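S.K.: here's my sequence, what's the structure:
(2 chains)
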Amino acid sequence: MKRILIVDDAATVRLFNRQILEAAGYRVDEAVNGIEALEKALQAPYDLYLVDVNMPMQDGFSFLRQLRAQAIAQAPAVMITTEAGEQDRRQAWAAGANYYLTKPIKPDVLLHLVRLLTGGAA
Amino acid sequence: MNALLQQFLQESREALESIGSTLLAMEREPGDHSRLGELFRLVHTLKGNSGLFDFPALTAVLHAAEDVMDAVRNDALGFSQPLADQLLDAADYVSAFLDAVESQGTPGADFQVPPRKLVEGLRSWLATPALEGANSGVALVSTQNSRLPVDLPSAVRDLLIDAINAERTAFLLDYQPAADCFFQGTDPLHQVRQLPDVLWRRIRPLEAWLPAAEIDAYACNLRFEILLLASEESLAEHFRYVADQATWWPITLASLQSVDESVDTASGSDLAGFEPLALDILSTQYQALSACSQEPWPSGQHVAIVTTLERVLASQDDVTAMAAFQDCREQSNRQNDAKPLLSWLSGAMEKAIADDTPSTGPVTTPVQGELGGRPIACQALALGVAPDQADTITPRRADETASQAPAKVLKVEQEKIDRLMNLIGEIVVAKNGLPYLAERAEEQYGQRELAREIKAQYAVVNRIAEDLQDAIMQVRMMPVSFILQRFPRLVRDITRKLDKKVNLILEGEDTEADKAMIEALADPLVHIVRNSLDHGLEAPAERLAAGKPETGTLRIRASQNADHVVISIEDDGRGIDPQKIKVKVAAKGLVEPAALEAMSDQELVNLVFLPGFSTAEQVSDLSGRGVGMDVVRSGIEKVGGHLRLASQVGQGTQLSLSLPLSMAVTQVMVIESGGQRFGIPMDQVMETVRLPDNAIHTIKHQPTAQLRGRTIPLKGLNQLLAVPLEQVRNEDDEYALMVLRSRSELVGLLIDDFYGSIDIILKPMVGILGELSGYSGTAVMGDGSILMILNPTELFA
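M.R.: Modelled structure (predicted):
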């Protein structure tokens, strides 16, 4: 089963994404900030990371930079944010993101993206 | 209500509370900017969450608020009191919206359309600073970017080159009108038509068009791309009202050439037939790889990109593309360099652009010469970032360093706690059956030994039950601050309306009480505070004239007194004048003149609790909402609380509310009258005495008795309940008398006999019985019988 980590401080967003992904057969874990996310990723790397940009304590960019610096299996990471400016994108690529999704997230787009980035079905 | 919506409501309310208190804190300390980031994040999260639902009105308001906060956070806009007012208004709107959703499950008719005034009011903060800050602010001009569409017609390209060579400045403009632009007085088409010297333009949908039936004709879904000869200043001027929706980049000869090169290097595989999303992911990897191409191969990000490419290619079943990719990856691995992979990507993507024909093609308008419609799935590649810009990224948050994770808190629905409490209540009642059982074992079956064992076991169960009760109480306890925190805002708004000056002091906010108590306290407290501000505290001029400081003081203090929580509200206002009350009550005919004359000052002051009384000369829109102090008092009494009022003319008023810490368990005294047992709440029982028949004197048709120097009116319970029986006397010809405190008076209740006091779980009566105000409820006794609990205050009324 494909494992996905949702990193977002907003509980509503986490629940929303979790419901969509679990219904499609993925295993979903949650983290409320970058620190918790890194801890979880170090325990057992995931197949995909969905990362919110704006979080307290440690934001998404910072989490990705640290994740990419780890000697673990590196999986694609999707940055999720409401801002979609060129500056934000560049920052995301430099931090280690592989895709950039803007809120509000549409369930079908998310599922399609996740299917492609995890290399097929759940 | 589904779990997601519930989660949304809960999280949003928490965010709103934090926003409210943060805004007020910032007003107190205007220079302190440390809270701005947090404030932005809260609004941002709210907005993000609202987008998950179909709440366009809510999202519009939050979006505007977020933009304002973003500007404040970036120092493009100063934080001021009027701005705080506007944000608080927005918070109120959001709160009302959430209320509507919570009660009806949908926003309802009132919240379908975005509140124009509110949104425009918020956006008005952005208009001016955005113009001033065009160079540094939102409409950022990036001088190094080459963002030219690869499918630019050659005629246009030639024109461009000529113009640049002639020292004219050319810009690529990307204008994405906001979805609600039509409601903001913007005409995007007009904006675009007014632009001078346009070489080329293209209009595309921002997002794929919905089926015709579902299209929202009032939401703009267009994106304009325009190539024009203009100066930066003129563009900033042209888009000054929608600066956040337009972006432009200067075009240089170099950028024109870089497009040429990327087209020329197209080679190798052919990605035609790929899903658009897959192509977009691939082109994104090109940008990502460009951004980190300087890192030593293979970095974590390189590996992630390779993994991404591998997975996407695998999902598209393209053997040729996969083989070509594997070759380039090998090459990159051998050379320890990202370049081979990068050039494969760029080539493959270019080819795909050329071959792919989109199903929903863009609309292009020929401006000069011919223009062709081209696919856009890979425009990101053409507009891509040069690899050498990777190192220009700087961290944008200072607090990135790791800090302590917050304590773990489990959120549980109140319903579940209530259920748990009811169950515990039942076990408390059930265990009360054991002493009866012991009694029967001894008396009916002669099993003395067994009776003792049952009693011992009862002691154990009793202790556990008490611990259980205590534990569930702890769970339900919450600090008084839960309701007190709304007062700074309330007081601020009211005093501003009344042009009064008040210093609000909150004390003992961490005093805890049962959640139900706290909630029951909220409305009466708001009313009392309103009253105090409206009627109690004087206007500054009046205060100065009376020799008081201009700013009044309102103190709300919470404290715990034994098993009660006491909230006192004190002001240093004009106080309540007993003589004025007397005149008013007499004028309204609420009390007989003779009785009025006999009243002490304190009794006169207490008349404000009479139904139909209001001290204000005229009903104001603040406190005079048709709710008098009588409603406040009955609200408090309904949950077993008491209210005490004291006032000194010219010095102020003190009101204190006393509420039981918890209303789950009530202690009652069991009594008997007319052959039935009743319960009377212990907190009203002052004393129980045996009264000889000859100690009863009738004064003005009212039986009374002298007790400890006080004259106490007596009432027979049978008479009050309309039971046609005399109260039973004992063998010494004495009545059983219970002295009760009803409001602030003492009343004697004649009954037949007393029993002990017990703890009960009070269940209010429902249905038709609920209208019997003489009873506060029922309780199940240990032997399974039902005990009716009396409400003496109502009985005596």
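S.K.: moving C-terminal of the helix or strand of chain A with the lowest mean pLDDT, what's the next helix or strand?
M.R.: Within chain A, no helix or strand scores below helix A:86-95, which has a mean of 82 by mean pLDDT, DSSP states H and E. As assigned by DSSP states H and E, the chain's next helix or strand after helix A:86-95 is strand A:99-102.
S.K.: quick one: low-confidence residue ranges for chain A.
M.R.: In the predicted model, chain A carries pLDDT under 70 at residues A:83-85, A:121-122.
S.K.: repeat that for the stretch 501-650 of chain B.
M.R.: Residues of the stretch 501-650 of chain B meeting the criterion pLDDT under 70: B:614-627.
S.K.: then the stretch 201-350 of chain B?
M.R.: Residue ranges of the stretch 201-350 of chain B with pLDDT under 70: B:254-272.
S.K.: switch to 90 and redo it
M.R.: Filtered on pLDDT under 90, the stretch 201-350 of chain B yields the residue ranges B:201-304, B:306-350.
S.K.: for chain A, what spans make up the strands?
M.R.: Assignment of strands within chain A using DSSP state E yields the ranges A:3-7, A:27-31, A:48-52, A:77-81, A:99-102.
S.K.: so which of these is the most surrounded?
M.R.: strand A:48-52 (a mean of 28; mean count of other C-beta atoms under 10 Å in any protein chain shown). All C-beta atoms are positioned from the backbone trio N, CA, C, and that covers glycine.
S.K.: angle of that one against helix A:86-95?
M.R.: Here strand A:48-52 runs at an angle of 140 degrees relative to helix A:86-95 (axes from the mean of the first three to the mean of the last three C-alpha atoms, to 10 degrees).
S.K.: so which of the strands of chain A gets nearest chain B?
M.R.: Evaluated over the strands of chain A, closeness to chain B peaks at strand A:99-102, with 5.4 Å, by C-beta to the nearest C-beta.
S.K.: partners of that closest one in the sheet?
M.R.: strand A:77-81 (parallel) (DSSP bridges).
S.K.: you'd agree residue B:680 is in a helix?
M.R.: No. Going by DSSP: H, G, I helix; E, B strand; the rest coil, the assignment for residue B:680 is strand, not a helix.
S.K.: would you agree it is in contact with residue B:740?
M.R.: Yes. In this structure residue B:680 lies within contact range of residue B:740 using C-beta atoms under 8 Å: 7.1 Å.
S.K.: quickly list what's touching both of the two.
M.R.: Listed as contacting both residue B:680 and residue B:740 by C-beta atoms under 8 Å, 6 or more residues apart in numbering or on different chains are B:749, B:792.
S.K.: and the lengthiest helix in chain A, what does it pack onto?
M.R.: Ranked by residue count under DSSP state H, the longest helix found in chain A is helix A:11-23. Secondary-structure packing of helix A:11-23 (3 or more C-beta pairs under 8 Å, 6 or more residues apart in numbering or on different chains; DSSP states H and E): strand A:3-7, strand A:27-31, helix A:107-117, helix B:3-28, helix B:36-50.
S.K.: can you list the neighbours in contact with it?
M.R.: Helix A:11-23 is contacted from outside by A:4, A:6, A:8, A:28, A:30, A:32, A:50, A:52, A:80, A:103, A:105, A:107, A:110-111, A:114, B:3-4, B:7-8, B:10-12, B:48-49, B:52, using C-beta under 8 Å, 6+ apart.
S.K.: ok, of the residues you listed, which come out buried?
M.R.: A:4, A:6, A:8, A:28, A:30, A:32, A:50, A:52, A:80, A:103, A:105, A:110-111, A:114, B:4, B:7-8, B:10-12, B:48-49, B:52 (16 or more other C-beta atoms under 10 Å in any protein chain shown).
S.K.: hey, what's the residue nearest the centre of chain A bridged with?
M.R.: With distances taken as C-alpha atoms, centre = their mean, the residue of chain A nearest its centroid is residue A:50 (1.2 Å). With DSSP bridges as the criterion, residue A:50 is bridged to residue A:6, residue A:78.
S.K.: hang on, isn't it packed against residue A:6?
M.R.: Yes. Counting by C-beta under 8 Å, residue A:6 is a contact partner of residue A:50 at 5.0 Å.
S.K.: so who does the residue nearest to residue A:68 when sequence neighbours are not counted touch?
M.R.: Leaving out its chain neighbours, the residue that sits closest to residue A:68 by C-beta to C-beta, 6 or more residues apart in numbering or on different chains is residue B:300, at 3.2 Å. Residue B:300 is in contact with A:67, A:68, A:69, A:70, A:74, A:96, counting by C-beta under 8 Å, 6+ apart.
S.K.: one more pass at 10 Å, please.
M.R.: Residues counted as contacts of residue B:300 (C-beta atoms under 10 Å, 6 or more residues apart in numbering or on different chains) are A:64-74, A:96, B:292.
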